[in-house]
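In: from the sequence below, what's the structure:
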Amino acid sequence: MTTLILPGLNGSGEDHWQRHWLADHGDAILVAQEHWDKPVLEDWLHTLESELVAHPGAVLVAHSLGCILAAKLAGRPAAEHVAGAVLVAPCDIDVTNAKHPGLIDFGAMPRRRLPFPTIFVASRNDTYMDFDIAQEYAGIWGSGLVDIGDAGHINVASGFGRWEDGYALASCFKFARVEVASRAA
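Out: Coordinates of the predicted model:
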């Protein structure tokens, strides 16, 4: 069973919790995008969908813009290959575009219920998404919301290197993986 790691803008740096995840879990694969510094939705979706076809029943572990990528799977055939997703500190596209003008071509925030189970991990002081907006999107996407308090953007800058609580959250999808993989076979 595979875990697909979906970083956001600029990838996840050396000490980021997603890099630790890759080192700690032999079943984890980085969904490597060609252009981390100038994300284009269609390109990123193509890369993710290719990995999902190769690894049916995968659990997605996404951060920031990677969460928006996961949410953009709604309504696409590749979503059938997802057992579940841990969406950590999703970014608000409008806020992200204001902080990084002209870099991101991801369209509007996805507003469809996700067709796979999700856990939405939010911080109360994330500068990329207000907590009220996080609660709204958790509801829209049909996600379980995990409020981890004042934790910034849940990245290295806010003190998150190795993050073992994330491992426990992803383990919630252990049995869903088997069901999705058997449907794909």
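In: show me what the longest helix seen in the chain is in contact with.
Out: When the chain is parsed with DSSP state H, its longest helix is helix 41-54. Contacting residues not belonging to helix 41-54 are listed as 4, 6, 29, 31-35, 58, 69-70, 72-73, 76, 78, 81-82, 105-107 [CB atoms under 8 Å, 6 or more residues apart in numbering]. (Each C-beta comes from the backbone N, C-alpha and C, glycine too.)
In: and residue 148, how many neighbours?
Out: The criterion is other CB atoms under 10 Å. On that basis, residue 148 has 16 neighbouring residues.
In: can you give me the distance of it to residue 43?
Out: Per CB to CB, to the nearest Å, residue 148 is found 31 Å from residue 43.
In: how about the nearest residue to residue 87, chain neighbours excluded?
Out: Leaving aside its sequence neighbours, residue 87 sits nearest to residue 67 (CB to CB, 6 or more residues apart in numbering; 4.0 Å).
In: residues in contact with the one you found?
Out: With contacts taken as CB under 8 Å, 6+ apart, residue 67 has the following neighbours: 6, 8, 85, 87, 88, 89, 90, 91, 120.
In: return the member of those nearest to residue 22.
Out: Using CB to CB, residue 6 comes nearest to residue 22 of the contacts of residue 67, at 11.8 Å.
In: what about the nearest residue to that closest one once chain neighbours are set aside, distance to residue 86?
Out: With sequence-adjacent residues excluded and distances taken as CB to CB, 6+ apart, residue 6 is closest to residue 66, at 3.3 Å. Taking CB to CB as the measure, residue 66 and residue 86 are separated by 10 Å.
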